[in-house]
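Asker: mind folding the following:
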Amino acid sequence: MSPPETVKPDPVRQELAALGEQVDRLLDMVRRLTEENRSLRHSQEQLATERAGLMARNEQARSRVEAMIQRLKALENNG
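Answerer: Presented below is the predicted three-dimensional model:
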């Protein structure tokens, strides 16, 4: 009966396995960053829409205040 053979680790296989793991980690990172980027773009769009709405409401309020001031001045001049 012959002694059991010792299996030496193949350095090329080890390096390929390490590279494969690194590629998997990089792919996971790309997926995470892609999702984060999508989420941030969506948030940015929502904030831009909200900002536009607030600016429009601010302009309406400014116009109303100016109109009230004009009416008050007219009342003051007529009174």
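Asker: now the most centrally placed residue in the chain: how far from Gly53?
Answerer: When CA atoms, centre = their mean is applied to the chain, the residue found nearest the centroid is Leu40 (1.0 Å). Separation of Leu40 from Gly53 (CB to CB, to the nearest Å): 20 Å. Yep, even glycine has a C-beta here, placed from its N, CA and C like the rest.
Asker: same thing with Ile69?
Answerer: Counting by CB to CB - Ile69 and Gly53 are separated by 25 Å.
Asker: would you map the strands across the protein?
Answerer: Here the chain has no strands by DSSP state E.
Asker: so where's this protein shaky on pLDDT?
Answerer: Residue ranges of the chain with pLDDT under 70: 1-5, 7.
Asker: 80 - rerun?
Answerer: 1-9, 79 (pLDDT under 80).
Asker: okay, helices next: where are they in it?
Answerer: 11-78 (DSSP state H).
Asker: count the neighbours of Glu35 for me.
Answerer: Using other CB atoms under 10 Å, Glu35 has 10 neighbouring residues.
Asker: what's the burial count for Pro9?
Answerer: If you count neighbours by other CB under 10 Å, Pro9 ends up with 8.
Asker: again with the one 3 residues further on
Answerer: Val12: 8 surrounding residues under other CB under 10 Å.
Asker: likewise for Gln22?
Answerer: 10.
Asker: state the distance from it to Ala67.
Answerer: The spacing between Gln22 and Ala67, counted by CB to CB, is 67 Å.
Asker: then Ser39?
Answerer: Plainly put, Ser39 is 42 Å away from Ala67 if you go by CB to CB.
Asker: ditto for Ser43
Answerer: Ser43 is 36 Å from Ala67, by CB to CB.
Asker: same question for Gly53.
Answerer: Distance from Gly53 to Ala67, counting by CB to CB: 21 Å.
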